[in-house]
Structures are given as structure tokens and as C-alpha cells.
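Engineer: coords please:
(3 chains)
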Amino acid sequence: MRIGTFLAGVSAFAALVGAPAFAQDKPFAGVTVNVITQTGAIQEPLQRRAPEFEALTGAKINVIAVPFSDLYQKILTDWASGTNSVDAGVFAPQWMVDYIAGGYLEDLTPRVEADKDIQQEDVGAFFRDFSEKYSGKTYMITLDGDFHMMYYRKDVLEAAGLAVPKTWDEYLEVAKATHGKDMSGDGTPDFGSCIAKKRNAQSYWFVTDVVGSMTQSKGTSQGTFFNTKDMTPLVNNDAFRKALDFLSESTKYGPPDELNLDVSDTRPLFASGRCALNLDWGDVGTISIDPAQSKVMGKWGAAIMPGSKEVLNWDTGKLEACTAENCPHAIDGVNHAPFAAFGGWGGGINAAADPKVKDAAYAYFSFMTQPAQSNADVTVGGTGFNPYRTSQLSYSDLWKKAGMSEEEAKVYLGAINDSMSSPNMILDLRIPQNQKYQQVVLDEAVSRFLAGEIDKEATVAAVEEGWNELNEEIGKDEQLKLYKATIGAK
Amino acid sequence: MSAEPRSLARRLFEPASIDSQAPVARIVTYALLFLWTLVVVVPLYWVLITSFKGPGEVDNGPFYLPFVDFAPSLQAWDFMLVQNYTLRPYMNSVVVAVASTLLAVLIGSLAAYALVRIRFQVKLAAVAIFLILLTAIIVAVATFGVRWEIAIVVATALFIIALFTLVGRTKHAVGNNDIEFWIISNRIMPPIVAVLPIYVMFQQMRLLDTQVALIATYTAINLPIVVWLTRDFFAGIPLDLEESAQIDGASKFRVFFTIALPLVRSGLAATFLLVLILAWNEYLLALFLSNADAQTMPVLVSAQNTTRGPQWWNMSVLITVMIAPVIVISSILQKHIARGLLVGAVKG
Amino acid sequence: MTATDIMPEAADRRSWAEWLDGHSGRIMVLPAVVVLLCFAIFPLIISAYLALSRFALAPGGFTLKFIGLVNFRKLLVGSQQYHLLGKFGTFGFVQSVLLALIAAGLFFLLARYLLRGRPTVVGTVGRLLATAMAMGLAALALATMAPGGVPGTVVNTLLYVFVGVSVQFALGLGLALLCGQPIRGRNFFRVLFFIPLMVTPVGIAYTFRMLADMQKGPFAPLVRAFGISEWSWATEAWSARLMVLVGDTWQWTPFMFIVLLAAIENQPRDQVEAARLDGANGFQIFRDITWPAIAPIAATVVLIRLIEAFKIIDLPNVLTGGGPGLATESMTLHSFISWRTQDLGGSAAVGYMLLFISTIVCVSFFNFVVRPARRFEA
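Structural biologist: Next up is the predicted model:
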């Protein structure tokens, strides 16, 4: 990339977005950028804002949408084979490591540093320092914030005299107590807990939610997937076994077909008032205030993921009660470990694209993330975008316009804030080929466990052996080095 | 005598002649046919009414009758057909399905005709050498980084030399039946085995995400079926018709297009429809070979499963508009399907 | 297609036309052969290479490392055995008896061929191969379906193929026999019953997900009335597999129906008439006249369906994503999931296993069922 071209592009862009008065001077006239992302949410705002951006800069944004399950491979195949029909993509930061391994992703660091309008200091520290970066360089522009949280039905819990669960045990108690009650008002019994447990979907994230609150207690850099000493999987221990128990126990209080539900099924389920408790990303909040879909307006709340009063002793593999020493970040004796699952959708640019196209793509992502656009988009359920900027976490007219009451906002945005600022946040597994670890080995084993194909011990063995085998295949030492680097372990 | 009850039972259970039906048998027949009609219609009906529903009607359902228990809306139709670019995938599907079907039927029936009417002798050694050289090209390119242009030129040269020197001395040959069997057996290959190389091939030719790539691929995967079905139509034509034309000096191609093809039109119509349906509905290859420009309808249908939940209403609109034209075409070709598939299948 | 002929020089248009005519056979077959070489043989060889390699991303592209049979070993005896083959249960009395019966049957067929026919080398080798494959698959199916066992993707696929095609054939034949009677509106039924074939399999999969929803699908009130709304088909292996089969059957029964109906309409009517006058009942007519007349067609449609059935992916992928556990995962889906997570070698290896099984099954069916059925007609 020639520095001259690049600087010209950036300054032209900065001038233009900073001062719309110069809009007639379109720096990217005639440039077309092919941006790939998933169908539906995420696609919607990218497509909707494309004409605005074109009017402003002259660049035509062509949004290519593919089903979520095919997105990772589509981008990879296009870039690895040298096809390069995709100039930029909006995807999961977790995949970044594989794309960087092939050298396909453009280093955006100089562009971001030169760009004032992007207001990086407003972006949540976690996204700015972790999601967007890999080994110190910025490769992605975050467009969406993502945390796993717990959602509950305020009215149902109050009526039953139950407190909002703080631990996984309490979660099960509440689920059990509310299961079978009619919560949607249609005369049919509803469910205590709705968790997406479908295979080849999102179920493996929720496993980590539960395991993590027991294995990771000493801060983010401790990690929850592997022992940072020797890359031994943290699987063959009581924490993982207890998490499996939780999953099978919670299934009893879920919809009968819970094993075949992914988040796209549980979200409408919660919004239509049929679940007392639910685990999901921030999307449930914005869907619950959407009058077209929600029957729970004003009746729901959100909280940080439940935690555990016992944490794992890594050396013995046994659970021990929380003390000030082993749970330094515990709140009221409960160790919470909110999981930054997925890490928020972000935009990355193909390093092999034409320089002019790269500039236009960067300008577009910058445009999308600037508060003027982003702060409105995160309040709308259909966008799939959740808050990730500090300025988005306070109640504003935009939230009001979106239909969220101040009280709801306090709870919802508070839960996000609690998670985002937790020093004990769990980071995504971001080592090379992480998809094989999680989507293949972990997902398959848990799915077989829940379906009753294998028992608890066999599940533990399957995950442990599968991860060890991958470590050997890919190179254990290299994986350990990268694992420690991504979580900041010493 | 018990003549009366017996004749009553007879009338109830046994038809008087082959072209009539006894009363009980008739009731049972119609009852069973009605039952299967329900099996066919209920899913289609549900798709149709879902296309007039919105999130509210689906999530709080089930609702069965538009205007009676829910108010139908055209929102999904408006969203899919007016606001979104459904027209482009739709045209892609039409172009790809029709073009690939026509090509497959043309190429396939030509080959089938030749295999029925002309005797072939291919030296086994030539086939073996060809395959060995093809493998060698791939290994050379993949492992030793030889440029593929060079590899192909060298291999072609070697092949020609081998043909003139070695092959002539061998005796074993493969005949028409073997060639036919080889062509048909290609259909057994699961597309998943071939899809990555095909992807790379089109990528090298800069044809990914174009209608051309899909047309070529669909032509290839449906070709075996065409050969399989049409070879028997041709085999069923009396030889003397063609022979008399050939005595008049018509070329084989002329005979094929002016005499053979018209004679088997029913069979061709049936083949055409079957292949058209296969190409129209294909999903896996389209998913790999298209991004945005050449996206076809089945891919668009599956893309309606989003993180906000499957957009049942949008999906239903798409399914409905996908079935409609095929129903029209098959109603028109209905007569031929029955006759054509029969002839093809008898000797298949 | 050998190049033994030397091309004659095309001196004028007349001789050019003659040349064209002289070579018309080759020219007619050539396009088909070229297309198949490009889209079948060439990809197959590349895939074979992939199946023997490990794919990894590397700066600027990717690397393929040749690793021999590791991918296959992993699937057949290594860490992925449970996935492809399944988990073996305890082989009890029932399983042993069943296997012994199957072995006896196969041995009988083999012995009959060797003793009664005039055995050829190719015929014998083919039969031995088919017998070995049948025995192996039968043993695999019995062992993984035995108590304590979990079927892998091979057995799931076989289940879809054999159960699915049998049911579709039975239903298609039944409907064709009904419609073959002198009834009104035959053409109406013919068109109506044909419609499911025209729906794209992805669409069918989603349609059945809607229909099978126990909470808000059309049958929800029925489910509630029976008091089984606490149960779901999606959580149990067999009911989930059944659901996939229901969707597949809905789509493919029409194909069987339409062809068999055409065959029935074409049966020798004078023989039927004569038999009826002789007092033959419906079953006798079916056995002695209709069945012999339609057997060759029946064998061929079953073969066409067999070939297609091995490729099933859309239905299990959409309905259950292969779950619960591995219960509904077909081999094509197995291969597809491997490919989606960068395991290109494993994906190609699974694809090759599928090609191997389906080729032997389909070719055996062609030689041992379709051919005899045709001879039977002649």
C-alpha cells in the first residue's frame, strides 16, 4: 500500500465527513465496494446506510448477504483462493486470526490513528483493545457490541416472590419454580428457561458461560479454555462436569424441543412472553421493545450472567468455595465471568483489494461506527447492532424513540455496562482454527451429551481428547504462545 | 337359492366390467385418494397462508383461515417482491435452470443417439494412459508447483505420442455399453466430492458468481440422467425410418434433428421437465458457486433464516413464487410426462 | 474416439461435410465426454488428492500437506470413528441371529451363482465385493443400533436410503394402483400429486419445520389435545430421523407415483379383461399381469431414487442441523460440516467414503435387480 495514496484517501475522507458542506466533492466517485455479511440483521443497516454513504462520497456499497453458517467459509474461500470478489466483510472478530494467518486482512492501524471522526476513545475498551486488534495491530472496526447476558421476566419473578438469580443454582431454582406457568396469557403452560441448544448453532457459547464462571476467577488474563502452563484443556475437572449437569438440568425446564432451538428461535420465544429466563446476546433487549414482535414490553429485565460461589482449583481439578484470595473479583461472594462471546460484529478489509477500494471500504466502516449513525442503529432491533460505545450506554432520546422506558434502559444498559467493565470478563478463544475446537469438538460432544448418546464422563473425554488432538495436529507450543498472547497471560 | 345376496355382494365388491368400479371399492378408492390429497395440500396451504402472516400471527398461532381468525397482510409480499431485489435471483434461477436444461438435453440426447446407433471402440490402454496423465498433471501442479499451462501441453504431447506408439498394439477395448455405463455412473457421484475443485476451476477462469458457472455445472450433473432416459427413446425408434433417410443422402446430424428428435418428443418433454426441476431446486452447488450476482432462489430461501428468527412469512412468499411456474409448465406437459417417462423407464 | 484415424485434409466443402458425416459419432459424443471429464473426472482426482492431504492457511494463501491415509484412518479407526461409523453397542443374541440370517442369505445367492450360472471372473469378483459390502454394512448397522450403540453418519444415510426409498416406492405404487382404476379426475390427481416434487428441498425442510412445530404449528391443538405437548420429536433420535424421512417421502413419493401410474396405464388391458372374465380377483391380476408388466420400470425408478437418496443433505441440515447429537446427520452433511470448518481433507475423505458405498450399492442394484427385471420382461 503506497502511503501517498492512502493519506490522500484518508484526508479526503476526513475532510468530507467532518464537513458535509464539501459533499459535492466526492472522493470515491465510481468506486464500488463489495461488502459481505450475514443475511438479515447486520445486513439491514449496512444496506440501509449505503445510499446515504454514496450520496456523501460517491462510493457504491454493494452488500452481499449469505446465511450466517456459511459466512466464515465464504470469506475464507474467496480470499484464500485468490478470487477476491469480496473487498470487505463484516464478521466475527474470532475469525480474524484465521484470516490474518493467511495475510488476507488489511492492517488498519494507520487509518484509525489518522481518523478523528471515528472517536475511538468513546468505543468500549474491550472492543477497542481486544476485538479490533490482533497482536497490537487494528484489523477490524467494531460495529456492534456483544455480550452474553441473562434476561428474565420481571413480572413473573415478582409474582412468584423470586429474586433475580445470581448463581447458576439459583437460576435452576427459578426455572423450576416458574416452569409450567402461563406467562404469555394464552392459557397454555410456558417455560422456565430458554437456552439455544441446537447443534451446529450457538449452544457451545452457553457451555462456556457456565464453565467460565467456575474456571476463571482471577481476571481476564487467567483464561478459561486451557491451562496457560502447558495448554492442557480445562475440561477434565469438576467445573466442566457441573456445567454439563446444569445444561441437562435446565433442559428439563425448557421448551420440549429446546435441543432443536437456536437463538433465532429462542428470541421470538422470549419476546412472545413464553420464557421466564433466557440466556442470549444483547439482541433480546432490542427485540423486546419492538412493538411489532414483543408481548413483554415493560415486563422484562436483564442482568449480568449468573456466577458461581465455588471456583475451580486448577491443580486439583476440584471446586473450592470462593474466598478473597481465589475470587478477587467476586461480588457478594459470587464469581461472575461475563462472556464476550463473538466479540461483536466488525468490519475488516481485504488486503488484496484495490487501494482506492480499500480507502472507500474503510471510510464506509468509519461512517457506520461514528456516533451519528451508530448511536441510532444500536437502539433498533432489526439492525442486529448492540451498544458498544460509552455514549450509547446512557439513556438518550434515541432509546426513548426506540420504545425503551427509562427504567428498562437502566436495567438493560446497566447489565451491558456491568459485563463490559468486568475485570473478569471471558475472552473468546482466538487461536488458529478455533472453529474446530469449539464448533466441531465442543459443540458435537455437548450435543451428543444432551441427546443422551454419551454420558458425562464420555463427554469430558471426547472434548479433552479432541482438543488435545487438535493441539498436536496444529502445533501445541505455537497454539500455547498464541493463546497466551490473545488473553494477555504472562 | 341365494342368488340375490350373492349378486348384491358381487355388485358391491366386484365390478361388472373393467371400465367400471364396484361401489365399495369406489368409496375406498376415493377416500384414500382424498387422504393423500390432504397430505399434499396441507403443507402447501400452510405455506401459502403463512405468506400472508406477520411475526405476530406466526408466533402466537396457529391461525388457520385468513379473514376468519387472522387478518391477512401483503407485507411479506411487498417486502420480498417490491422492496428487495428478489427479481434478480429469480431471473438467475430462470436463466440457469432453462439454459442448463436445454444444454443438457441437447448434448445428452446427441450422445445417447450416437451411442445407440453407432458402434464405438475405444482402446482401454488409451483410457488408462489418459487417466494416468491427468493424475500426473494434478500431482505436478499441486505438489511441485509446475505451471498448469506447461503441464497440460506436456501431457497432451505425451498422450499423442503414446496413442501412435503404444496403444495401437493393445487389443482390449471398451464398447458402447461401457461408455454408456460410465456416463450414467457419473450421476452417482455426490456433488460434495466435486464441489471444491469445481470452485477452484471457475475461480481460475474468473467465472465465479456468474450464471455461466452455474449453467455449466448443472449441465454436467444432469447430463447422465438425460443420456440414461433418452437412449431408450432412440432405441425404440424403428431403424428403417432413419435408414431410408440416409439412403436419400441425409447426414447423421440431419437424421438426428429432423427424424429422430421429433419422434421422441414426448420422452424429451418428460426428460426436460425432470431435469428442469432438478436444476431449478438445486441448492448445494449454488451455495458454493454464487455470491451476490448469480444467487439463485433456493439460496435466497435458506438465507431467510436469520439471527432474528426464521422469517417464515418471507420464506413462504419465496417458496410460493418458486412453485408457481413449475406447476404451470408441468400442467402443460402433463400428457407427455406420463408417456415419456414410461418409455424411458421401461428399458432404462 | 481413439485418434487412430488420420484426419483427412478438408480440400473442399463437400469433403469437409463428408468428413463431418464420417466422424459424426465421435462429434456427437464428444461434448458429453468433455463436460463429464471437466466436471466429474477432473474434480474426482483433485478430491482424491485433497482426501490424502491436510489443508492449512498460510500467509498469502494456503498449504496442502500430503499425509497419506491419515484422514481415512481417523474416520475408520481413529478419533472420528464414532462420527462416521458410530459407537458400537453390545452384540447380543438378536443381533447375532439377524447377522447370521443375512450372511446365510448372501451366501446362498453367491453359491447359487457359482453353481448354477456360468460364473465369469468379473461377475464373481463383483458379487464377492457386493457381498462383502452388504455384510459389512449390515454388521455395522446391527452393531450400532444394538443397545449401547449410537449409529454414525453411514448408518443414518443407509437408513434414509433404504427405509426412505422403500416407503416411497410402496406409497407411490399404492397411489398409482388407486389412480390406475377407472376413476374420474385422474389427470387432476396426476398433476396434484406431482406438485411436491417441484418444491425445492430447502423449502420443504423449512415447511416441515413449520408444520412440525409443537407450539405454533397447525397441529399444535391436536398435540395439546393428546396431552403430549411436553414431548418433542426433535429431542429423540428416532423421531427426529422419522421427521427427516417424512419430508423426504413427501417430496419423492410423487416421482414413484407418476412413473408407476404411467406403467400401469400401459399394462396389457386385454389380459386383464380376460383374467377378470376367468374370475381372477384383484390380487391375482396384480400378481400375474400388472406386476410383471411394471417390474422393469419399477426397478429402474427405484435405482434412480437410490442414486439421489444417497446425496440427502438439505432436509437434515435445516430440520435439525444434524442433531440431536449425531442422530440425523447424513454423510453429505458430515462432509459439508467438515468443509465449513476448514477440514478440507476430512471433508473429501467422507465424500469418498460416500462415493464408494453408493457406487457399490447402486451398481449392485443395477446388476442384480434391474437387469434381471428387464430380462424377466423379455
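
Engineer: Work out for me the element the nearest residue to A:S193 once chain neighbours are set aside sits within.
Structural biologist: Spatial nearest neighbour of A:S193, excluding adjacent residues (CB to CB, 6 or more residues apart in numbering or on different chains): A:A175 at 3.9 Å. (Glycine included, C-beta is placed from N, CA and C.) When elements are assigned from DSSP states H and E, A:A175 belongs to helix A:168-178.

Engineer: tell me what that helix is packed against?
Structural biologist: Contact here means 3 or more CB pairs under 8 Å, 6 or more residues apart in numbering or on different chains; DSSP states H and E; on that basis helix A:168-178 packs against strand A:149-153, helix A:154-159, strand A:191-194, helix A:238-252, strand A:275-280.

Engineer: Quick one: these as CSV, columns for mean neighbour count and mean pLDDT too.
Structural biologist: Below are those laid out as CSV (neighbours: other CB atoms under 10 Å in any protein chain shown; pLDDT from 0 to 100):
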stretch, mean neighbour count, mean pLDDT
strand A:149-153, 25, 94
helix A:154-159, 17, 93
strand A:191-194, 26, 94
helix A:238-252, 19, 94
strand A:275-280, 27, 94
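
Engineer: of those, which approaches C:V165 most closely?
Structural biologist: Among those, helix A:238-252 comes nearest to C:V165, with 34.6 Å by CB to CB.

Engineer: what angle separates that closest one from strand A:275-280?
Structural biologist: Interaxial angle, helix A:238-252 versus strand A:275-280 (axes from the mean of the first three to the mean of the last three CA atoms, to 10 degrees): 140 degrees.

Engineer: pretty sure B:A220 is touching C:F42, no?
Structural biologist: No - checked against CB atoms under 8 Å, the pair B:A220 and C:F42 is beyond contact range at 10.7 Å.

Engineer: Between those two, tell me which one has more neighbours.
Structural biologist: Each of B:A220 and C:F42 has its neighbours counted (other CB atoms under 10 Å in any protein chain shown); B:A220 has more, 25 against 18.

Engineer: dump the residue contacts of that one.
Structural biologist: C:V35, C:L36, C:C38, C:F39, C:A40 (CB atoms under 8 Å, 6 or more residues apart in numbering or on different chains).

Engineer: rerun that using 10 Å as the cut-off
Structural biologist: The contact partners of B:A220, by CB atoms under 10 Å, 6 or more residues apart in numbering or on different chains, come to B:100, B:103-104, B:107, B:186, B:194, B:198, C:32, C:34-40, C:43.

Engineer: buried subset of the residues you listed?
Structural biologist: Using 16 or more other CB atoms under 10 Å in any protein chain shown as the burial test, these include B:100, B:103-104, B:107, B:186, B:194, B:198, C:32, C:35-36, C:38-40, C:43 as buried.

Engineer: between B:A220 and C:F42, what contacts are shared?
Structural biologist: Common neighbours of B:A220 and C:F42 (CB under 10 Å, 6+ apart) are B:A194, B:I198, C:L36.

Engineer: residue boundaries of the strands in the stretch 151-300 of chain B?
Structural biologist: Applying DSSP state E, counting those that start in this stretch to the stretch 151-300 of chain B gives strands spanning B:173-174.

Engineer: residues from it in reach of chain A?
Structural biologist: Within the stretch 151-300 of chain B, the positions near chain A by CB under 10 Å from any CB of the partner chain are B:196, B:199-200, B:202-204, B:206, B:208-209, B:287-288, B:290-293, B:295, B:299-300.

Engineer: Next step: the residues you listed restricted to helices.
Structural biologist: Using DSSP state H, the members of these that fall in helices are B:L196, B:Y199, B:V200, B:F202, B:Q203, B:Q204, B:L287, B:F288, B:V299, B:L300.

Engineer: Can you name the residues that contact the fifth one?
Structural biologist: When contacts are counted by CB under 10 Å, 6+ apart, B:Q203 touches A:T77, A:D78, A:S81, A:G82, A:T83, A:N84, A:S85, B:D209, B:A213, B:L289.

Engineer: now the residues you listed in TSV, with distance to chain C and pLDDT?
Structural biologist: Compiled in TSV, the contacts of B:Q203 are given as follows (distance: CB to the nearest CB, whole Å; pLDDT from 0 to 100):
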residue	distance to chain C	pLDDT
A:T77	9	83
A:D78	12	85
A:S81	8	78
A:G82	7	79
A:T83	11	79
A:N84	12	85
A:S85	16	84
B:D209	18	84
B:A213	11	93
B:L289	12	88
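
Engineer: Quick check on those residues: which are buried?
Structural biologist: With burial judged by 16+ other CB under 10 Å, the buried subset of the contacts of B:Q203 is A:T77, A:D78, A:S81, A:T83, A:N84, A:S85, B:D209, B:A213, B:L289.

Engineer: Point out where chain C drops to low pLDDT.
Structural biologist: Within chain C, the stretches with pLDDT under 70 are C:1-14, C:59-61, C:376-378.

Engineer: Scan it for its longest helix.
Structural biologist: Counting by DSSP H, the longest helix found in chain C is helix C:237-265.

Engineer: anything in that helix near chain B?
Structural biologist: Yes - for helix C:237-265, a contact with chain B is found by CB under 10 Å from any CB, at C:246-247, C:249-251, C:253-255, C:257-265.

Engineer: Can you name the next helix or strand after that helix?
Structural biologist: With secondary structure assigned by DSSP H and E, helix C:237-265 is succeeded by helix C:269-277.

Engineer: residue contacts, A:G452?
Structural biologist: Shown in contact with A:G452 (CB under 10 Å, 6+ apart): A:S248, A:L259, C:V150, C:T235, C:E236, C:A237, C:P324, C:G325, C:A327.

Engineer: From the residues you listed, pick the one nearest A:V311.
Structural biologist: Nearest member of these to A:V311, counting by CB to CB, is A:S248, at 21.5 Å.

Engineer: quick one: that closest one and A:L450 touch, right?
Structural biologist: Yes - using CB atoms under 10 Å, A:S248 is in contact with A:L450, at 6.4 Å.

Engineer: Nearest to chain A, out of the contacts of B:A220: which one, please.
Structural biologist: Of all the contacts of B:A220, B:I198 has the smallest distance to chain A: 12.0 Å, by CB to the nearest CB.

Engineer: how far away is the closest one from C:A299?
Structural biologist: 32 Å (CB to CB, to the nearest Å).

Engineer: what about the closest residue to chain B within chain A, helix or strand, and which?
Structural biologist: In chain A, the residue found nearest to chain B is A:G40; the distance is 2.6 Å by CB to the nearest CB. Take DSSP H and E as the rule and A:G40 turns out to sit in neither a helix nor a strand.

Engineer: Now it. Its backbone dihedrals?
Structural biologist: When read as degrees, to the nearest 10, the backbone of A:G40 gives phi 90, psi -130.

Engineer: Ok, the one 5 residues further on next?
Structural biologist: A:P45 adopts backbone torsions of phi -70, psi -30, taken as degrees, to the nearest 10.

Engineer: So it sits against A:I61, correct?
Structural biologist: No - assessed by CB under 10 Å, A:P45 is found out of contact with A:I61, at 11.5 Å.
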